[in-house]
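A.B. asks: need coordinates for the following:
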Amino acid sequence: MAFATVVASPPLTTDCSTINTEIQIQQESLLPKLNSCKDLQEIKQLHGLYTKHGLMDDPALLTKLIAKYSQTGSSESLEYAKKAFTIFRRNREDWSSGIIYLYNSLIRGNSIAGNFHDAILLYVDMLVDGVEPDNYTFPFVLSACTKTLRLSEGKQLHGSVVKMGYYGDIFVSNSLVHCYGECGETDSARKVFDEMSERNVVSWTSLICGYARREWHQEAVSLFFQMIEERIEPSEVTMVSVISACAKLGNLNMGERVLDYTRRFGLSFNAVMINALVDMYMKCGAAEKARQLFDECVDKNLVLYNTFMSNYVKLGKVREALDIFRGMIDVGPKPDRVTMLSVITSSAEIGDFCIGMQCHAYVLRNGIEGWDSIGNSLIDMYTKSGKQELACRVFDQMPNKTIVSWNSLLAGFARNGDLESARRVFDDMPDRDIVSWNTLIGALVQESLFTDAIELFHSMQKDGMIPDEVTMVSVVSACGYLGSLDLAKWTYKYIEKFGIKRNIRLCTALVDMFARCGDSQSAMKVFSTMKERDVSAWTAVIGAMAMEGNGEGALDLFNEMLGQEIKPDEVVFTGVLTACSHGGLVEQGKHIFNSMKEQGITPHIVHYGCIVDLLGRAGLLDEALDFITRMPIEPNAEIWSAFLGACRIYKNEKMASQAYEMITKSGRDKTGIHVLLSNIYASAGKWSDVARVRMGMKESGMKKIPGSSLIEVSGVVHEFTSGDESHALMLEEINYRLREEGYVADLSNVLVDTNEEEKELLLSRHSEKLAIAFGLVSLGRGMPVRVVKNLRMCWDCHSYAKMVSKVYDREIVVRDNNRFHFFRQGLCSCCDYW
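C.D. replies: Numbering: from 1, shown residues only. Coordinates of the predicted model:
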């Protein structure tokens, strides 16, 4: 369409007044048509008529045309407005009159169309042209700055507002508050707000939204109630923002108070409001109310479905999320990528590979596989379904592999125990973040590769990555399992030095670490500094008492926990029952066991095992066997192992044989049971029975776990296995000195049929003796020797360690698979009861 003005030369005989009258009539007839135009096509047609009739010289008509184009707010309409504006400026010698209105129209139109950069440039052009902005200009330009988060330009506009005297205009001030709030400059927004002589609902809502954007949810809610006190009636936008703040706070009571004001002011419950309410109820743990509101909504949109499903997924109610999805498929809108993200995540959590595959097909059909989060969730789904090849295929086909994508694949391999693939992915990563390191360190700890986990942590430090509390939970756990007190103390000091946040989980891990390293005092010190304690923290500190055989201390802590109205769980009962067993507190242990049902907890197999162990250690074998036969659930291998262990301690081969017959009938065979029975027969010198049991083990493919012991020297953990010939000279020297002091080896602990000299040699090569010898040679004078044994300490090694502690004046600490033994001056902390 031509934009040139058609200038026709009138006939000389024509009266000029007649021409002007005709033009005026045309203008008056065409102006109403411009106001009634509904779309761009109609405006363009009318524009053509203006040109045809030579009306493009009229400034009033041209102004209204430019304004109408700008009001439409599309890229094409703004292009026409720009060209018409050029004509307007070219055809007028004095175009200063009304030009501000045109600039404002163009700035507003570009801002509506999303051309924020062009809107700001128009403002600059206006200043270059010497046109002074007015109180309409600033809100339009500030809106463009807000949408693009151009804080610097916003501050410059603020200066112009003050300089030109528009600071008192409520609309300009509201725009400043909104701009500062959206750009995160909440303090500046509050300053403008406080200096306003007049405020309306937009002023309050803008500041509330700014607080919410900065995650200042409590301040946002407080400001809302202050607004109510000022008798300012909120809008729907206000209510949605405040309800969302209550959702983030998880404060249901506050949210319902806010909801009451919605009803009181008669505000409409539109789709946005209902969505905010559903989100608030879900985040505040009132899923039933959210579901009721959802079911009552007659016009459910896609956003509402997505809100409901994503919250169900976060709450772990993935089956409910899938039910909502099925209902949506039947009657609701077409799923988008947010929907599919929730559904894929849900299928991964329940291990439904078929649903996951269907979702993947839908994603491919609808072309939304390019969204990073979708690809990451598919990787997660396939790895959780054990389909690592498909996960790798999805990863390889991703056009944009973010660090989250790499971490998703890494976490999948780690979760499946495929450490080789996990390490390969980790090494191939172009960049690593804290999640990458935490994932691999956690995986190594999960697979009991504690030394490797510590080494990787040191590599992480060298790489310049700062650990967080998640990192340290894994490192602390590794230190605990290694039983390395020096390393544990270093780790604790490291956490303090670098100010790593000590949340409940990390503090609980620290308590457990010190407990496993035999330092119950440090465990109690950490526990006492905890401002908040959950049942896991109490379980850890009770476990610290149990490991050192302090049954009374464990009971005191348990009773203190109950006094603080902390509800015990199954795990804490296991800890306190174990403490009673190690401390020989038979009656107290029975009472604790019987009180479980009073706490609403049904005893599990592990609790029955604790009672069997409690009775067996006390020598009440008949009562223990009777207890087993009366159990409401079938005894498992751990139950029988506890009983056979007691039979071995009290050398009751008859009851052991009786128990073995019952085990054989129940089909509960386990390597440990056969080993225990074999050891019982060996102690009694029944070598033919030993041979029979061990032959059965061999035929069944069972293998006895070899004894091994760890000791840390100068930050390095050394491992010894039974039968090792290292440090034989030191062993001979120790044995010589011990024999002079009256030590005689207990050959009944040698479980092979051979001569006494050979038995004594075999006995001297037990792993804990080798570790103790290494410690005496390698550690400085007077330093404690700390050993971690993977199996139960035998009687002879126990006597041996007592004698070493006396002869060499050393503290010997041994952690076996049951508890700690602190040997000092020929005595053990267990009082020979273990």
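A.B. asks: contacting residues for the nearest residue to residue 825 once chain neighbours are set aside?
C.D. replies: Counting by Cβ to Cβ, 6 or more residues apart in numbering, residue 806 is the residue found nearest to residue 825 once chain neighbours are left out, at 5.5 Å. C-beta: built from backbone N, CA, C; applies to glycine. Applying Cβ atoms under 8 Å, 6 or more residues apart in numbering to residue 806 gives the contacts 741, 825, 826.
A.B. asks: so what's residue 615 up against?
C.D. replies: Taking Cβ under 8 Å, 6+ apart, one finds 586, 621, 623, 624, 627, 646 in contact with residue 615.
A.B. asks: can you map out the helices along the stretch 201-350 of the chain?
C.D. replies: For the stretch 201-350 of the chain, helices defined by DSSP state H, counting those that start in this stretch occupy the ranges 201-213, 217-229, 236-249, 252-264, 271-283, 287-296, 302-314, 318-331, 337-350.
A.B. asks: would it be right to say that residue 651 lies in a helix?
C.D. replies: No: assigned with DSSP: H, G, I helix; E, B strand; the rest coil, residue 651 falls outside any helix and is coil.
A.B. asks: that older thread, closest to residue 307 out of the contacts of residue 806?
C.D. replies: Ranked by distance to residue 307 (Cβ to Cβ), the contacts of residue 806 are led by residue 825 at 68.2 Å.
A.B. asks: for that closest one, give its distance to residue 744.
C.D. replies: Residue 825 sits 20 Å away from residue 744 when distances are taken as Cβ to Cβ, to the nearest Å.
A.B. asks: kindly report the same for residue 83.
C.D. replies: As defined by Cβ to Cβ, residue 83 lies at a distance of 111 Å from residue 744.
A.B. asks: re the thing from before, of the contacts of residue 615, closest to residue 301?
C.D. replies: The closest of the contacts of residue 615, once distances to residue 301 are taken by Cβ to Cβ, is residue 627, at 61.5 Å.
A.B. asks: these two touch, right, that closest one and residue 612?
C.D. replies: Yes: applying Cβ atoms under 8 Å, one finds residue 627 in contact with residue 612, separated by 6.3 Å.
A.B. asks: who has more neighbours, those two?
C.D. replies: Using other Cβ atoms under 10 Å, the more surrounded residue of residue 627 and residue 612 is residue 612, with 26 against 21.
A.B. asks: and the more buried one, what does it touch?
C.D. replies: Applying Cβ under 8 Å, 6+ apart, the residues contacting residue 612 are 624, 627, 628, 639, 642, 643, 646.
A.B. asks: so how many other residues sit close to the fifth one?
C.D. replies: Burial measure for residue 642: 25 neighbouring residues, criterion other Cβ under 10 Å.
A.B. asks: list phi and psi for it.
C.D. replies: Main-chain torsions, residue 642, degrees, to the nearest 10: phi -60, psi -40.
A.B. asks: same question, the first one
C.D. replies: When quoted as degrees, to the nearest 10, the phi and psi of residue 624 stand at phi -60, psi -40.
A.B. asks: now it. Nearest residue, chain neighbours left out?
C.D. replies: Using Cβ to Cβ, 6+ apart and skipping residues adjacent in sequence, the residue nearest residue 624 is residue 615, 3.8 Å away.
A.B. asks: distance of that neighbour relative to residue 609?
C.D. replies: Taken as Cβ to Cβ, the span from residue 615 to residue 609 is 11 Å.
A.B. asks: what residues sit buried inside stretch 176-191?
C.D. replies: Applying a neighbour-count criterion of 16 or more other Cβ atoms under 10 Å, the buried positions in stretch 176-191 are 176-183, 185-186, 188-190.
A.B. asks: which SSE is the residue nearest to the spatial centre of the chain in?
C.D. replies: Nearest residue to the geometric centre of the chain (Cα atoms, centre = their mean): residue 470, 9.5 Å. Using DSSP states H and E, residue 470 maps to helix 469-482.
A.B. asks: my read: the residue nearest to the centre of the chain touches residue 439, true?
C.D. replies: No: checked against Cβ under 8 Å, the pair residue 470 and residue 439 is beyond contact range at 9.5 Å.
A.B. asks: same question for stretch 453-464, mean pLDDT?
C.D. replies: If you average the pLDDT over stretch 453-464, you get 95.
A.B. asks: I am finished for the moment; much appreciated.
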